[in-house]
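[1] this one's sequence-less:
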């Protein structure tokens, strides 16, 4: 159950507030019949590259990684492409659609301290949030790029505490990404997994405190 | 080109010497029509869980991870299963097939110092290598479990130097896993990517020194 000690509601961005697969349409427009495959592989490699660079100690910004993973995806699918196609798809990534319930839920919670916390670098995160019109609802936009430590490293989650001036158990963290929820729980946040795809819980020995099928579930924390 | 300073030939195990998808047959026997899907998702989650646990600072042995990732894969595919099915598949993982060229190539190289270096823990690695009959060809079986640091962290590759008593540039490291080659190159090994699946080079800014389509390519290092 929600607890009174919760002072900050912190939201992951990609997959949680915004649908990363809303680029599928643009992929489809440029590479007919391949939209879904490109979008899926792009996302998979984007996450993998963030993890791998953190593991190798070879940090690069999420913008770089998003570009690199798109290039890998297009090459893997044997698609012939030019830099202009890459640019159009990367531009589309700054105009992702939010999930339909997001604005209403955030409005209902706006008396709390709301923040986003993302692996995204500011050069892609800020255009996205400003374009969406949701920016005024957030107290802070927190990016791992400020400390160059990707989620799910403990150092990344610790950055949230430094920015917001709260203790770890005072944070309720929401993400649709099971790996992100596992990392946040391991660090000591309260966690709510927004399980949009009705997936099994990740087998990482970090069961989420709460599971909701979409963001509407969190209004009980009002 | 091969250089005279190479003192040790170090081989990754899973995917490089042994075909992880040789469990597909057993998967298929237990879950008809689902063999390929199970095998693919199992491997994908196995790697992901190793990366994530390293990132979170929540090490668990590769045997645990291999069990957990299998459970996740079976749940995701909505398959009804019992622990006895899990055990049969995990047993099959200790009897993976090696790729056909492996014994002959290793025989040709055996005057060099040969070692394997794997994310696998000894309780799965040693049964596999002994069962294969290849054990006498290796000077060392090196497992990250001895230091509890997964590849591709720099600490993991450094363990190879401690065990073999060589310098990083004296190691030629072979792996079929692009992420492993990226980590090894970043650390400072000479690298040969055994690109069995004819994939593009990973976009991680760590181009392999050498690329071969199977292990036969390395006989030029004899």
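    Looks like it arrived, so ask away. No experiment lies behind these values; they were computed from the predicted model shown.
[2] any low-confidence regions in chain A?
    A:1-4 (pLDDT under 70).
[3] what does it have sitting close to chain B?
    Neighbours of chain B within chain A, by CB under 8 Å from any CB of the partner chain: A:45, A:48-49, A:51-58, A:60, A:68-69, A:71-72, A:75-76, A:150, A:152-154, A:179, A:182-183, A:186, A:199-200, A:202-206. Any C-beta I mention is one placed from the backbone N, CA and C, and that applies to glycine too.
[4] Doesn't residue A:211 belong to a strand?
    Yes - the assignment for residue A:211 is a strand, going by DSSP: H, G, I helix; E, B strand; the rest coil.
[5] Any idea what it is bridged to?
    As for beta bridges, residue A:211 partners with residue A:193 under DSSP bridges.
[6] quick one: it from chain B, how far?
    Counting by CB to the nearest CB, to the nearest Å, the separation of residue A:211 from chain B is 15 Å.
[7] Surely that residue and residue A:196 touch.
    No - if you go by CB atoms under 8 Å, residue A:211 and residue A:196 don't touch, sitting 11.0 Å apart.
[8] what about the strands in chain A?
    In chain A, the strands defined using DSSP state E lie at A:8-11, A:113-118, A:140-143, A:171-175, A:190-194, A:210-212.
[9] show me the contacts for residue A:132.
    Residues near residue A:132 by CB atoms under 8 Å, 6 or more residues apart in numbering or on different chains: A:18, A:98.
[10] so how far is chain B from it?
    28 Å.
[11] Surely residue A:30 and residue A:89 touch.
    Yes - with contact defined as CB under 8 Å, residue A:30 reaches residue A:89; the gap is 7.1 Å.
[12] More neighbours: which of those two?
    Comparing residue A:30 with residue A:89 by other CB atoms under 10 Å in any protein chain shown, the one with more neighbours is residue A:89, at 24 against 18.
[13] Check the gap between the closest residue to residue A:102 other than its chain neighbours and residue B:115 for me.
    Spatial nearest neighbour of residue A:102, chain neighbours left out: residue A:17 (5.4 Å); criterion: CB to CB, 6 or more residues apart in numbering or on different chains. As judged by CB to CB, to the nearest Å, residue A:17 and residue B:115 stand 48 Å apart.
[14] Out of the two, name the residue with the larger neighbour count.
    More neighbours surround residue A:17 than the other of residue A:17 and residue B:115, with 26 against 20 (other CB under 10 Å).
[15] Apply the buried test to the residues of chain A next to chain B and list what passes.
    Burial of the residues of chain A next to chain B was assessed by neighbour count (16 or more other CB atoms under 10 Å in any protein chain shown); the buried members are A:45, A:48-49, A:51-56, A:58, A:60, A:68-69, A:71-72, A:76, A:150, A:152-154, A:179, A:182-183, A:186, A:202-204, A:206.
[16] Mind checking which of these are in helices?
    Secondary structure defined by DSSP state H assigns A:45, A:48-49, A:51-56, A:68-69, A:71-72, A:76, A:154, A:179, A:182-183, A:186 of those to helices.
[17] if we can go back for a sec, determine which stretch of the strands of chain A is the most buried.
    strand A:171-175 (a mean of 27; mean count of other CB atoms under 10 Å in any protein chain shown).
[18] Could you spell out the sheet neighbours of that strand, each with its direction?
    Using DSSP bridges, the strands paired with strand A:171-175 are strand A:8-11 (parallel), strand A:190-194 (parallel).
[19] Would you reformat the ones you listed as TSV and include distance to residue A:106?
    Below are these laid out as TSV (distance: least, CB to CB, whole Å):
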stretch	distance to residue A:106
strand A:8-11	8
strand A:190-194	13
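[20] contact partners of stretch A:107-114?
    So stretch A:107-114 is contacted by A:6-11, A:106, A:137-139, A:164, A:166, A:218-219, A:221-222 (CB under 8 Å, 6+ apart).
[21] now do 10 Å
    The contact list for stretch A:107-114 (CB atoms under 10 Å, 6 or more residues apart in numbering or on different chains) reads A:6-11, A:106, A:134, A:136-140, A:164-166, A:170-172, A:215-216, A:218-219, A:221-222.
[22] Now the buried members of those.
    A:6, A:8-11, A:106, A:134, A:137-138, A:164, A:166, A:170-172, A:215, A:218, A:221.
[23] For the most far-flung residue of chain A relative to its centre, list the residues it contacts.
    Among the C-alpha atoms of chain A, the one most distant from their mean position (CA atoms, centre = their mean) is that of residue A:80, at 29.2 Å. Contacts for residue A:80 (CB under 10 Å, 6+ apart) come out as A:31, A:74.
[24] measure it to residue B:203 for me?
    Taken as CB to CB, the span from residue A:80 to residue B:203 is 17 Å.
[25] got it, and residue A:187?
    29 Å.
[26] With residue A:135 instead?
    31 Å.
[27] got it, and residue A:45?
    8 Å.
[28] what is in contact with the two at once?
    Common neighbours of residue A:45 and residue B:203 (criterion: CB under 10 Å, 6+ apart): A:65, A:68-73.
[29] Which of those sits closest to residue B:22?
    Proximity of these to residue B:22, judged by CB to CB, is greatest for residue A:72, which lies at 26.6 Å.
[30] quick one: contacts of stretch A:154-169?
    Stretch A:154-169 is contacted from outside by A:3, A:5-8, A:10, A:54, A:113, A:115, A:117, A:119, A:139-144, A:146-151, A:153, A:170-171, A:173, A:180, A:183-190, B:55-58, using CB under 10 Å, 6+ apart.
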